[in-house]
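Undergrad: Have a look at this prediction, sequence included:
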Amino acid sequence: MSIDQSGPGGSPGIISSYAVGSAATDLAKQDPLERREVWLNELADRFGPRARTPRAYLETNWAEEPWSLGGMIGHLPTGVLTSYGPAIRQPVGRIHWAATETATAMHGLMEGAVRSGERAADEVLAAV
């Protein structure tokens, strides 16, 4: 991973980070300013002191989102993808499935969702 060090004329980057499990539960109990400070400290540990001054900061508590109720992806138990992965991607009639949960690479991440959407679009185009 590289970080653009060129300053104001360079392209800004975006960092997406997540707290999971008991760490996420503990963070959710903290004041928003305390959570932000924890996040900035973690960034600085990994990327250096410049990481403490982001241009923007956006926080989402997935447990409070009405449509996900706790996570930004569906959780599949061990063995589901390796045993049933092709089945959860298989079109049903005219319905073609696309979601991070159906990705063959980068499962559970935005990159997986995009790849899955591209795959489903290719399937639809091939079918017409």
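TA: Cool, got the structure.
Undergrad: Tell me, what's the model's pLDDT at the most centrally placed residue in the chain?
TA: Of all residues in the chain, the one closest to the mean position by Cα atoms, centre = their mean is Leu109, 4.0 Å from it. Leu109 carries a pLDDT value of 81.
Undergrad: so who does the closest residue to it other than its chain neighbours touch?
TA: Residue nearest to Leu109 in three dimensions, not counting chain neighbours: Thr100, with 6.3 Å by Cβ to Cβ, 6 or more residues apart in numbering. C-beta coordinates here come from the backbone N, C-alpha and C atoms, glycine included. Residues near Thr100 by Cβ atoms under 8 Å, 6 or more residues apart in numbering: Ile73, Met106, His107, Gly108, Leu109, Met110, Gly112, Ala113, Ser116.
Undergrad: re the thing from before, quick check: the residue nearest to the centre of the chain vs Ser116, distance?
TA: Remark: distance between Leu109 and Ser116 (Cβ to Cβ, to the nearest Å) = 11 Å.
Undergrad: before we move on, the earlier item: ok, so of the contacts of Thr100, who is nearest Gln30?
TA: Gln30 lies nearest to Ile73 out of the contacts of Thr100, by Cβ to Cβ, at 23.8 Å.
Undergrad: And stretch 114-122, what's buried?
TA: Using 16 or more other Cβ atoms under 10 Å as the test for burial, stretch 114-122 gives Arg115, Ser116, Gly117, Arg119, Ala120.
Undergrad: residues contacting the fourth one?
TA: Contacts here follow Cβ under 8 Å, 6+ apart; on that basis Arg119 touches Arg89, Ala98, Thr104.
Undergrad: From Gly79, how far off is the closest residue in space to the first one that isn't next to it in sequence?
TA: Going back to what we said before, that points to Arg89. Leaving aside its chain neighbours, Arg89 sits nearest to Thr102 (4.7 Å; criterion: Cβ to Cβ, 6+ apart). Thr102 sits 16 Å away from Gly79, going by Cβ to Cβ.
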